[in-house]
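Engineer: Would you be able to build a 3D model of this:
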Amino acid sequence: MEKVIVAFAGPQNGRRIREILERSGTAACLLCTSADQVRRTVHEQQVPAVICGYKFPDGPAELLYEDLPSFCHMLMVASRSQLDLVQHPDILRLSAPASRGELLGAVEELLARVQAQPLRRSQEERDCIARAKAKLMTEGLSEEEAHRTLQRKSMTAGVKLAQAARMILDRR
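Structural biologist: Down below sits the predicted model:
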């Protein structure tokens, strides 16, 4: 049984989805309630899939997706109006409310992507992001502050994280 992260700002949605997935034998679930918890859990336990809502107290799920390693895939469960705002084409979407069957079908598709292991971000992009963080750290920021600065730049400019990293590296 594949391990997945179920992450919603409100724990009730997460518990309900975990119950459906574990009772059906589809996946073993780890619950998270913030984007930072998801980041830590994915990196510490190499979890390949995240099922989440649209937004966390510490940021939108779409920006979280940009921070995840290339082996990790995402299924976003949210209202149709929220899903329409998501621009990243690699994020799977499921409109809520969803039936048990629709949820299980979407999670099976997510897990099929995990098995196929397509890369989302090139090594060059990951290196660029790491260099931008390092540059920000030489300016006195901690690694976490550098990461958040890079995220803010990405969101403010309306560009991908790698593009924001290039902007930081190109500035004088």
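Engineer: what about the helices in this protein?
Structural biologist: Remark: helices assigned in the chain by DSSP state H are 11-24, 35-45, 61-67, 80-83, 100-116, 123-138, 143-157, 161-170.
Engineer: Now do the helix or strand of the chain with the lowest mean pLDDT against helix 123-138, angle only.
Structural biologist: Lowest on mean pLDDT, DSSP states H and E among the helices and strands of the chain sits helix 143-157, with a mean of 84. Between the axis of helix 143-157 and that of helix 123-138 there is an angle of 110 degrees, by axes from the mean of the first three to the mean of the last three CA atoms, to 10 degrees.
Engineer: orientation of helix 143-157 relative to helix 35-45 in degrees?
Structural biologist: Helix 143-157 runs at 120 degrees relative to helix 35-45, counting by the same axes, to 10 degrees.
Engineer: sorry, back to before: and the helices of the chain, which one is worst for confidence?
Structural biologist: Within the helices of the chain, confidence is poorest for helix 143-157, with a mean of 84 (mean pLDDT).
Engineer: now the angle between helix 161-170 and it, please.
Structural biologist: Taking the same axes, to 10 degrees, helix 143-157 and helix 161-170 form an angle of 100 degrees between their directions.
Engineer: tell me which residues in helix 143-157 are buried?
Structural biologist: Under the neighbour-count criterion of 16 or more other CB atoms under 10 Å, helix 143-157 has 146-147, 149-151, 153-155 buried. The way it works is simple: take the backbone N, C-alpha and C, and place the C-beta from them, glycine included.
Engineer: hang on, the earlier thing: in PDB, could you pull the C-alpha coordinates for the least confident helix or strand of the chain?
Structural biologist: Listed in PDB are the C-alpha atoms of helix 143-157, where the atom choice follows Å, rounded to 0.1, in the frame of the first residue of the first chain:
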ATOM      1  CA  GLU A 143      17.600  29.100   4.700                       C
ATOM      2  CA  GLU A 144      13.900  29.300   5.600                       C
ATOM      3  CA  GLU A 145      13.900  33.100   5.200                       C
ATOM      4  CA  ALA A 146      15.600  32.700   1.800                       C
ATOM      5  CA  HIS A 147      13.100  30.200   0.700                       C
ATOM      6  CA  ARG A 148      10.200  32.400   1.800                       C
ATOM      7  CA  THR A 149      11.700  35.400   0.000                       C
ATOM      8  CA  LEU A 150      12.000  33.300  -3.200                       C
ATOM      9  CA  GLN A 151       8.400  32.200  -2.800                       C
ATOM     10  CA  ARG A 152       7.200  35.800  -2.300                       C
ATOM     11  CA  LYS A 153       9.100  36.900  -5.400                       C
ATOM     12  CA  SER A 154       7.500  34.100  -7.400                       C
ATOM     13  CA  MET A 155       4.000  35.000  -6.200                       C
ATOM     14  CA  THR A 156       4.500  38.700  -6.600                       C
ATOM     15  CA  ALA A 157       5.900  38.400 -10.100                       C
END
